[in-house]
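In: sequence isn't available, so here's the structure alone:
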């Protein structure tokens, strides 16, 4: 925590270092309050200094003057598969509810994530992907000189094909790089849910209860 307290954001590598700390879930849970404020500093630096977008207040405040916890929003969306998956599966109402808002605030959560965090996630994922490709290039280059490393992959066509496959799958990569696919899929991934139908069902149930209560009173 001394490292976190003294962290300053002067370049994007500083953002990467902080986001990588979020891989440790026990650490996040234990120091969530302090990490909340530091993550707000990160987002503010990223928007104001790195992207030169100064028109968005940090932290964002909803219409009913409730502050949106950006770190919680970031982690919840990541746990449900990322912005694209949450949008496709209509999970924004559930995200809003998890954030302590109402189901009706789902679209506001989607907009907030798009304005504050989506581009940050993109830059982070792209940077991690680029570093991964550089590491592979080093392995391949060194493999030209050592027989043992030649077994890794010294065939240029194989390397190109592997890069192409990873590029195509980049959008599907988990946000936290040190969590393998199997463990990640066991996480909090929720199925698509029709909140409009659920709301209608609740209203119909309430109406039925009221009708029966009215008839009982008449008797």
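Out: Okay, I see it. The shown structure was predicted, so the numbers you read here are calculated from the model rather than taken from an experiment. Residues are numbered from 1 along each chain as shown.
In: from now on I want contacts and neighbour counts done on CA atoms only, so please keep to that.
Out: Will do.
In: so which helix or strand of this protein has the lowest pLDDT on average?
Out: Least confident helix or strand of the chain, by mean pLDDT, DSSP states H and E, is helix 181-185 with a mean of 43.
In: give me the below-cutoff pLDDT ranges for this structure.
Out: For the chain, residues meeting the criterion pLDDT under 70 lie at 129-206, 208-219.
In: can you give me the helices for it?
Out: 2-5, 12-21, 25-30, 32-45, 70-79, 83-88, 92-98, 106-116, 118-143, 147-153, 156-168, 181-185, 195-218 (DSSP state H).
In: I figured residue 22 hits residue 29, correct?
Out: No: assessed by CA atoms under 8 Å, residue 22 is found out of contact with residue 29, at 9.7 Å.
In: so between those two, which is more surrounded?
Out: Shown here are residue 22 and residue 29; by other CA atoms under 10 Å, residue 22 has more neighbours (16 against 11).
In: and the closest residue to residue 110 other than its chain neighbours, what does it touch?
Out: In space, and not counting its chain neighbours, residue 110 is closest to residue 92: 6.3 Å by CA to CA, 6 or more residues apart in numbering. By CA atoms under 8 Å, 6 or more residues apart in numbering, the contact list for residue 92 reads 86, 106-107, 109-110.
In: Serialize the residues you listed to CSV and add fields for distance to residue 6 and neighbour count.
Out: Output for the contacts of residue 92, formatted as CSV (distance: CA to CA, whole Å; neighbours: other CA atoms under 10 Å):
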residue, distance to residue 6, neighbour count
86, 34, 24
106, 35, 20
107, 36, 17
109, 30, 22
110, 32, 21
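In: which member of these is positioned nearest residue 59?
Out: For the contacts of residue 92, the residue nearest residue 59 by CA to CA is residue 109; the value is 13.1 Å.
In: distance of that closest one from residue 33?
Out: Look at residue 109 and residue 33: by CA to CA, to the nearest Å, they are 21 Å apart.
In: repeat that for residue 47.
Out: According to CA to CA, residue 47 and residue 33 sit 22 Å apart.
In: what do you get for residue 8?
Out: Counting by CA to CA, the separation of residue 8 from residue 33 is 18 Å.
In: who has more neighbours, the two?
Out: The neighbour count for residue 8 versus residue 33, taken as other CA under 10 Å, is higher for residue 8 (15 against 11).
In: ok, residue 36 - contacts?
Out: Taking CA under 8 Å, 6+ apart as the contact definition, residue 36 lies against 69-72.
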